[in-house]
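**Student:** kindly return the folded structure for what I paste below:
(one chain, ligands or ions: 1)
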Amino acid sequence: MNQPRQPGSAVELRDVSFDYEETRMRFDLRIEAGAITTIMGPSGSGKSTLLNLIAGFETPQSGRVLIGTEDMTDMPPSARPVSMVFQENNLFAHLTVAQNVGLGRSPALRLSESDRLAVTEALTRTGLAGKEGRLPRELSGGERQRVALARALVRNRPVLLLDEPFASLGPALREDMVDLVAALHAEHGMTVVFVTHQPEDARRIAGNMVFLDNGTIAATGNTAEFFGKDGPPAFRNYIGLEANAAPTRDVARKRT
Ligand SMILES: Nc1ncnc2c1ncn2[C@@H]1O[C@H](COP(=O)(O)OP(=O)(O)OP(=O)(O)O)[C@@H](O)[C@H]1O
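**Tutor:** Down below sits the predicted model:
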């Protein structure tokens, strides 16, 4: 990549509270700069809300959100040093692959020579060379998510938020995509926050883990610890590793 490497920034949620009607969420969390942090937790535990608070799509009712040393709590999403990839609907249906990626550089698609070069490089890096002129409907699900990753890459932001981006892909393709994220992280050194329901994804990408339960941070640690026999019991229970887990607790294993 010809882009200067943009080192990752730490992300901090300080005593953040956020409520939807009857759902209360409380987050107090520091995400390490330049590391990959995987967020897991039962459906409805607050994973997407946590990412939305970091990206600025939601604003805390109290508490602060910091990225690097800067207080971002009152900043709109466009002013935050963050890119986000969603499970679906990342792309504009009427724009080509290259244009969708170019939007990461210029929302009006006024691209300089160096912007075009960055788009070409990102497409090559994500395995999309030769598909620049296709529309999203002419791509597979995995290819569409590669386009979304390529657009995040050309934005070259210090924080990359991934909200179950590979959930609709089959296991082999998901492995490839998780490996691609790990490789891009190794090259760029951005801070990656990765939400997944799949324990295999978390183990594969390694790094740090955060386990959410019922709108709070139930446990944090590194991936090897989490999956080891002394890992947090609530997490082990959730993924079905706890030998004595009561069957009723297994409801948390539901995959969505
Ligand atoms: N727009 C909304 N209005 C009201 N409640 C909401 C809204 N969005 C989310 N919630 C509630 O907030 C809680 C957390 O939702 P969130 O989407 O963050 O969970 P999640 O862990 O990402 O779930 P999933 O794994 O199913 O995607 C849930 O109880 C959900 O019902």
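
**Student:** point out the residues in the stretch 1-150 of the chain that sit beside the ligand.
**Tutor:** Proximity of the stretch 1-150 of the chain to the ligand, by C-beta under 6 Å from any ligand atom, involves residues 20-21, 23, 41, 43-49. C-beta here means a position set from N, CA and C on the backbone, and glycine is covered the same way.

**Student:** contacts for stretch 109-120 next, please.
**Tutor:** Stretch 109-120 is contacted by residues 1-3, 98-99, 101-103, 105-106, 129, 132, 150, 154, 156 when judged by C-beta atoms under 8 Å, 6 or more residues apart in numbering.

**Student:** buried set for that stretch?
**Tutor:** Of the residues in stretch 109-120, those with enough neighbours to count as buried (16 or more other C-beta atoms under 10 Å) are 111, 115, 118-120.

**Student:** ok, now stretch 215-226?
**Tutor:** Under the neighbour-count criterion of 16+ other C-beta under 10 Å, stretch 215-226 has 215-221, 223, 226 buried.

**Student:** residues contacting the closest residue to A224 other than its chain neighbours?
**Tutor:** For A224, ignoring the flanking residues on the chain, the nearest one in space by C-beta to C-beta, 6 or more residues apart in numbering is A206 at 7.4 Å. Applying C-beta under 8 Å, 6+ apart to A206 gives the contacts 36, 182, 222-224.

**Student:** now, those residues that are in strands?
**Tutor:** Secondary structure defined by DSSP state E assigns 36, 222 of the contacts of A206 to strands.

**Student:** and the helix or strand L149 falls within, what's buried?
**Tutor:** In the assignment (DSSP states H and E), L149 maps to helix 141-155. Taking 16+ other C-beta under 10 Å as the neighbour-count basis, helix 141-155 is seen to contain the buried residues 142-155.

**Student:** what do you get for stretch 67-82?
**Tutor:** Here stretch 67-82 shows 67-68, 72-73, 75, 80-82 as buried, counting by 16+ other C-beta under 10 Å.

**Student:** what about the helices in the chain?
**Tutor:** In order along the chain, the chain carries the following helices (DSSP state H): 47-55, 97-102, 113-125, 141-155, 171-188, 199-205, 223-227, 233-238.

**Student:** I'd like those helices written out as TSV, with distance to D163 added.
**Tutor:** Listed next are the helices of the chain as TSV, based on distance: least, C-beta to C-beta, whole Å:
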stretch	distance to D163
helix 47-55	5
helix 97-102	18
helix 113-125	20
helix 141-155	11
helix 171-188	13
helix 199-205	13
helix 223-227	19
helix 233-238	19
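
**Student:** quick check: D28 touching V16?
**Tutor:** Yes - look at D28 against V16 with C-beta atoms under 8 Å: they come within range, at 7.1 Å.

**Student:** which neighbours do the two have in common?
**Tutor:** Jointly contacting D28 and V16 under the rule C-beta under 8 Å, 6+ apart are G63.

**Student:** ok, G240 to the ligand distance?
**Tutor:** Remark: distance between G240 and the ligand (C-beta to the nearest ligand atom, to the nearest Å) = 17 Å.
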